[in-house]
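Participant: Next comes the sequence, and after it the predicted model I'd like to discuss.
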Amino acid sequence: MKQKGIMVVVSGFSGVGKGTIMKELMEKYDNYAFSVSATTRSPRNGEVDGREYFFITDEKFDEMVQEDRFIEYARYVKHSYGTPKSYVEEKMAEGKDVILEIETQGALNVKRKYPDTLLVYVIPPSAKELKRRLTERGTENVEVIEARLKRAVEEADEIGSYDYVLVNDTVPEAVERLHSLIQSQHLLTVKNREEIARMKEELIALSGK
Ligand code: 5GP
């Protein structure tokens, strides 16, 4: 019997390299589905509507909130971001492990609503390295980088609410650790209740009781 997929939330400081880890994880393994969020911010160079995000207007975002079409949503440095419900539910039912790359408020809301969710926080090898990665990305101006570093200071207090931390030292190593971590969740007894019940029935039949 195919198990239902696991919902995994991956958060991390802006610029830590979550996007790259996600991309490599998806390319390497086919049991994952990436939840594409809706956002009111503008696309960065190279971002494609429907791939990185659904880029929508404030009006459309509010409409989706009213219609209860998000699993969660939050504001992050002047813009709104939300996780559309339908895709996540559909993929989990198909047995795919669904990854949500979202910030901390959203992550904690998801955990409250769906306690089985695995929360993973990606951290850089050092703060200096984080600043270097944010600056090298070259997609944001100095003020935005500073706003994101400030937000990182606030987010640091939330890491303790996550289940695991993942240090992004090198991408291939981080990808492997994340993959093993997610797959080990499928072995939890709570994810195998039907399997355990079936085994018990078979044992009863075999033992003649
Ligand atoms: P960025 O603008 O750098 O793509 O994303 C900014 C932050 O918003 C990141 O921390 C990202 O993980 C988060 N984010 C992206 N999509 C969602 C979402 O659907 N919900 C929430 N709560 N946060 C999101």
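Facilitator: Sure, I can see it.
Participant: how about the nearest residue to Asp68, chain neighbours excluded?
Facilitator: Spatially, and ignoring its direct neighbours in sequence, Asp68 is nearest to Lys85 (7.8 Å; Cβ to Cβ, 6 or more residues apart in numbering). Any C-beta I mention is one placed from the backbone N, CA and C, and that applies to glycine too.
Participant: Quick one: residues contacting that neighbour.
Facilitator: Shown in contact with Lys85 (Cβ atoms under 8 Å, 6 or more residues apart in numbering): 68-71.
Participant: and the residues you listed, which are buried?
Facilitator: Buried by 16 or more other Cβ atoms under 10 Å: 70-71, out of the contacts of Lys85.
Participant: Turn the contacts of Lys85 into TSV, including secondary structure.
Facilitator: Below are the contacts of Lys85 laid out as TSV (DSSP: H, G, I helix; E, B strand; the rest coil):
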residue	secondary structure
Asp68	coil
Arg69	coil
Phe70	strand
Ile71	strand
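Participant: dump the residue contacts of whatever residue of the chain ends up closest to the ligand.
Facilitator: Using Cβ to the nearest ligand atom, the closest approach of the chain to the ligand is made by Gly106 at 2.2 Å. Shown in contact with Gly106 (Cβ under 8 Å, 6+ apart): 9, 72-74, 81, 83, 100.
Participant: Look up how far Gly160 lies from Tyr121.
Facilitator: 9 Å (Cβ to Cβ, to the nearest Å).
Participant: Among the two, which residue is more densely surrounded?
Facilitator: Neighbour totals were compared for Tyr121 and Gly160, and Tyr121 leads with 24 against 8 (other Cβ atoms under 10 Å).
Participant: picking that back up, of all the contacts of Lys85, which comes closest to Val171?
Facilitator: Val171 has its nearest neighbour among the contacts of Lys85 in Ile71, at 27.3 Å by Cβ to Cβ.
Participant: Alongside the ligand, which residues does the chain contribute?
Facilitator: Neighbours of the ligand within the chain, by Cβ under 6 Å from any ligand atom: 11, 14, 37, 41, 72-74, 76, 81-83, 101-103, 105-106.
Participant: Much appreciated, bye for now.
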